[in-house]
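Sequence unavailable; structure follows:
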Ligand code: NAP
């Protein structure tokens, strides 16, 4: 039986694994569907991770984390966790390949996935001209025009990144003010090949058998339709938490969540179920920063060591 099963291998999960094993837990496995590193590995520019003076990609930032985390005995299993249940103080972790692993404690650090915006053509053209990862797909649009949709940190940062690859970036946003940090907005405004298309609703993305050929937006001010003939559309309209492993057969969640499905935790990352913890973007009030997710992981691990005793 595991002392601790960590679900998710991003900054929260990796840091929890490091602290838990270095702090004396012997039997700790981190389940991660892909390569450890988490959603931040899709980020093209990070300039606010403390101690790192230069702008770096998410891949660069996370490069050494798995090796350091596994140095003290953390095991990594590349597997998707479908469900976590609890019976008589013991948790069962059910994986996609049908295994059931027992654990004394669980840390859910699954993070979030990109949200769909809900416009016409989004599902049809997803992966064929619509993307949620500029680092992964930006190069396909070298010297071409693209649309970036959204007004948060992700949209503005990725618009700046894409403006260095693409000939032009239309930044399409439903309001005329942005949620992003002021310094990020300043970077964006300084890029001559970013054109802001504000106060608009996306009507549809259209295309042909080869993929996207354009996007139509409607002005909220005078109803004008603007037709942007681009082969690529990058959507950054927020994220939804990945709480599926907590869903039980009767449709309820294993522990308390809020209306957005975020896990309710206390300051030690404890849920209302003894031995079940949540850390990083999956939890309520997450600042959605790498440094905060890592801190959550450490906080949870320190309490889990005490819980296991
Ligand atoms: P976000 O901050 O929630 O921004 C989402 C944006 O998409 C908002 O501008 C929103 O418009 C727009 N939007 C949402 N639904 C839409 C829809 N259906 N149609 C059109 N537009 C829609 O999401 P995010 O940028 O992914 O950031 C998530 C969190 O991670 C934030 O807390 C952010 O600060 C953090 N983050 C931090 C960094 C960093 O520090 N370097 C980098 C990336 C992300 P409205 O503004 O009108 O609501």
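All right, it came through fine. All figures in this text were calculated on a predicted structure; none of them were measured in a lab. Residues are numbered from 1 along each chain as shown.

shouldn't residue 25 be in contact with residue 3?
Yes: using C-beta atoms under 8 Å, residue 25 makes contact with residue 3 at a distance of 4.5 Å. In short, each C-beta sits where N, CA and C put it, glycine included.

Where does the stretch 101-250 of the chain get nearest to the ligand, residue-wise?
Here the residue of the stretch 101-250 of the chain nearest the ligand is residue 152; by C-beta to the nearest ligand atom that distance is 2.4 Å.

List the residues that contact that residue.
Going by C-beta atoms under 8 Å, 6 or more residues apart in numbering, residue 152 touches 178-180, 236-238.

How about residue 134?
44, 148, 158, 161-162, 234 are the contacts of residue 134 under C-beta under 8 Å, 6+ apart.

how many other residues sit next to residue 77?
16 (other C-beta atoms under 10 Å).

and the gap between it and residue 37?
15 Å (C-beta to C-beta, to the nearest Å).

Also residue 148?
23 Å.

Neighbour count: the two, which is higher?
Taking neighbours as other C-beta under 10 Å, residue 148 and residue 37 compare with residue 148 leading, 30 against 20.

anything in stretch 239-249 near the ligand?
Yes: against the ligand, stretch 239-249 shows contacts by C-beta under 6 Å from any ligand atom at residue 239.

did I read that right, residue 135 in a helix?
Yes: under DSSP: H, G, I helix; E, B strand; the rest coil, residue 135 sits within a helix.

was I right about it contacting residue 45?
No: at 9.1 Å, residue 135 does not count as touching residue 45 under the criterion of C-beta under 8 Å.

anything in contact with each of the two?
What both residue 135 and residue 45 touch, as defined by C-beta under 8 Å, 6+ apart, is the set 57, 161.

Show me where the stretch 1-150 of the chain has its helices.
Assignment of helices within the stretch 1-150 of the chain using DSSP state H, counting those that start in this stretch yields the ranges 11-22, 58-62, 65-70, 122-125, 134-137.

can you list those in TSV and add mean pLDDT?
Conversion of the helices of the stretch 1-150 of the chain to TSV gives the following (pLDDT from 0 to 100):
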stretch	mean pLDDT
helix 11-22	98
helix 58-62	95
helix 65-70	96
helix 122-125	96
helix 134-137	89
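
hmm, who's touching stretch 212-223?
121, 125, 128-130, 147, 172, 174, 197, 199-207, 224-233.

buried ones in that stretch?
212, 214-218 (16 or more other C-beta atoms under 10 Å).

so which of those would you say is closest to residue 59?
Taking C-beta to C-beta as the measure, residue 59 lies nearest residue 212 of those, at 26.1 Å.

Residues of the stretch 1-150 of the chain that sit close to the ligand?
48, 117-118, 150.

at 5 Å instead, please
Counting by C-beta under 5 Å from any ligand atom, the stretch 1-150 of the chain comes close to the ligand at 117, 150.

tell me the strands in the stretch 1-150 of the chain, going along the chain?
In the stretch 1-150 of the chain, the strands defined using DSSP state E, counting those that start in this stretch lie at 2-7, 28-32, 75-78, 81-87, 90-95, 100-108, 112-114, 130-131, 145-149.

so what secondary structure elements neighbour the shortest one?
Contacting strand 130-131 under the criterion 3 or more C-beta pairs under 8 Å, 6 or more residues apart in numbering; DSSP states H and E are the following elements: strand 232-235.

Just the buried positions in whichever helix or strand comes after the strand it packs on, please.
Using DSSP states H and E, the helix or strand that follows strand 232-235 in sequence is strand 239-241. For strand 239-241, burial by neighbour count (16+ other C-beta under 10 Å) applies to 239, 241.

Sheet partners, orientation included, of strand 239-241?
The pairing partners recorded for strand 239-241 under DSSP bridges are strand 112-114 (antiparallel).

What lies in contact with the strand it pairs with?
Outside strand 112-114, the residues that touch it by C-beta under 8 Å, 6+ apart are 39, 132, 235-237, 239-242, 281-282.

list the buried ones in that strand?
Judged by neighbour count using 16+ other C-beta under 10 Å, the buried positions of strand 112-114 are 112, 114.

before we move on, the earlier item: take the contacts of residue 134 and write them to TSV, including distance to residue 107.
As requested, those are exported to TSV (distance: C-beta to C-beta, whole Å):
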residue	distance to residue 107
44	28
148	34
158	29
161	32
162	35
234	32
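
so who does the nearest residue to residue 112 once chain neighbours are set aside touch?
Spatially, and ignoring its direct neighbours in sequence, residue 112 is nearest to residue 239 (3.7 Å; C-beta to C-beta, 6 or more residues apart in numbering). For residue 239, the contacting residues are 39, 112-115, 281, 288, by C-beta under 8 Å, 6+ apart.
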